[in-house]
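# everything below, folded, please.
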Amino acid sequence: MMGTLIRCTTCNAIMHMTEGDFSPHYTWNGGEIKKIEMDDRKAFLEKHKGHNTEHLTPLTPPISDKPYNEPLKTSYFEATNGNERFLIKRWRTKIEDPFAYEIIEGSIKLTNGTLRIQTSAIKKQLQAEGDSLISERKVNSFIQAVRAEVELLDPAALAVSAEGETPLASYYQLGSSCVDRILTRCRDKFTQHELNKLRDFINQHNEYADVMTVVSKKEFAIKTRVQKKDSPEAVHPNQHIGISR
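Numbers count the residues shown, from 1 in each chain. Presented below is the predicted three-dimensional model:
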């Protein structure tokens, strides 16, 4: 979670306060390292001197459809001053620049995506374990049983076992009752010994982001207020952002 932000209520400008605001900068000068004391808050506070300011507390982590390690992505989060809730856009155009912040009209609407199984990864893992007792035809039957059961699950009722490469991707562990139902679907095509092997396989690979966990790609929309066309503050209507499967 992010730290505290300062909002100038006169200009509606935002600054993010961090522990690094007073960290010194170092330069190479005449064969020596020169230490330069810094105060990154000073410029903001001087620019808005005499204005009313308030502290905002983030309510949600920044969300984006880009990977966590993408340095130039645009993200959104919500914050509050204790009375009002604000939607804040965060971005930067150069990797060496600090983040810029802007309050925009609207709110974040997050929607759970469709669950999907890791078909290729499951097959590869079964092959890697060299289990010759289960034929390729039966592996495909097992995959079909898993997919049919997962299609009935509600993502909102599942606990996240691991996060994906973006804030919108999550991995979910299969519950014990779900595992039982998957194996029940397999009873007419597998022997009891094979069913026991499948149960062991599921349990062994059903944690974090392992092959038997299921993946959900969420979507989010920035729901904004539409101004009159001749208004200088006009903003675009609902901006939908998400990840395709």
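# make it CA atoms for all contacts and neighbour counts henceforth
Noted.
# what comes into contact with stretch 90-103?
With contacts defined as CA atoms under 8 Å, 6 or more residues apart in numbering, stretch 90-103 is touched by 12-16, 71-76, 86-89.
# just these: which are in strands?
Secondary structure defined by DSSP state E assigns A13, I14, M15, H16, S75, Y76, F86, L87, I88, K89 of these to strands.
# dump these into TSV; add pLDDT, distance to S141 and neighbour count as well.
TSV is the format used below for the ones in strands among the contacts of stretch 90-103 (pLDDT from 0 to 100; distance: CA to CA, whole Å; neighbours: other CA atoms under 10 Å):
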residue	pLDDT	distance to S141	neighbour count
A13	93	58	16
I14	93	56	21
M15	88	56	20
H16	86	53	18
S75	95	41	16
Y76	95	42	21
F86	95	50	20
L87	96	47	22
I88	96	48	21
K89	95	47	18
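# what is the most widely separated pair among these?
A13 and S75 (17.0 Å; CA to CA).
# quick one, helices of the chain?
All helices of the chain, identified by DSSP state H, fall at 40-47, 119-128, 136-150, 176-185, 192-204.
# give the other helices and strands that the fourth one contacts.
Counting contacts by 3 or more CA pairs under 8 Å, 6 or more residues apart in numbering; DSSP states H and E, the secondary-structure elements packed against helix 176-185 are helix 136-150, helix 192-204.
# and the angle from that helix to helix 136-150?
Interaxial angle of helix 176-185 relative to helix 136-150 (axes from the mean of the first three to the mean of the last three CA atoms, to 10 degrees): 140 degrees.
# helix 176-185 to helix 192-204, inter-axis angle?
Here the directions of helix 176-185 and helix 192-204 differ by 150 degrees (the same axes, to 10 degrees).
# now for the contacts of stretch 90-103: which two are most distant?
Going by CA to CA, the pair spanning the contacts of stretch 90-103 furthest: N12 and P71, at 25.2 Å.
# tell me how far the residue of the chain most remote from its centre lies from I36.
In terms of distance from the mean C-alpha position of the chain, G30 ranks first, at 45.7 Å (CA atoms, centre = their mean). For G30, the distance to I36 equals 15 Å [CA to CA, to the nearest Å].
# tell me the buried residues in stretch 174-190?
Residues L174, C178, V179, I182, L183, R185, C186, F190 are the ones in stretch 174-190 that count as buried (16 or more other CA atoms under 10 Å).
# residues contacting the last one?
Contacts of F190 were listed using CA under 8 Å, 6+ apart, and they are K138.
# swap in the fourth one?
The neighbours of I182, taking CA under 8 Å, 6+ apart as the test, are A145, V146, E149.
# once you drop chain neighbours, what's closest to the second one?
The shortest distance from V146 to any residue that is not its chain neighbour, by CA to CA, 6 or more residues apart in numbering, is 5.7 Å, and that residue is I182.
# quick check: end-to-end length of stretch 34-48?
31 Å.
# and that stretch, how far from the chain's centre?
32 Å (CA atoms, centre = their mean, to the nearest Å).
# from now on call the first residue 305
From this message on, residue numbering opens at 305, which makes the last subject stretch 338-352.
# the residue nearest to E467 when sequence neighbours are not counted: how many residues sit nearby?
Ranked by CA to CA, 6+ apart and with sequence neighbours excluded, the top spatial neighbour of E467 is S474, at 4.5 Å. Residues near S474, counting by other CA atoms under 10 Å, number 25.
# what sits against S474?
Going by CA under 8 Å, 6+ apart, S474 touches V464, S465, A466, E467, G468, V519, S520, K521.
# and if we set it to 10 Å?
416-417, 419, 459, 463-468, 512-513, 517-522 (CA atoms under 10 Å, 6 or more residues apart in numbering).
# before we move on, what about Y475?
Y475 neighbours (CA under 10 Å, 6+ apart): 419-421, 462-468, 510-521.
# kindly report the same for P459.
Per CA under 10 Å, 6+ apart, neighbours of P459: N416, G417, T418, L419, S474, Y476, V518, V519, S520, K522.
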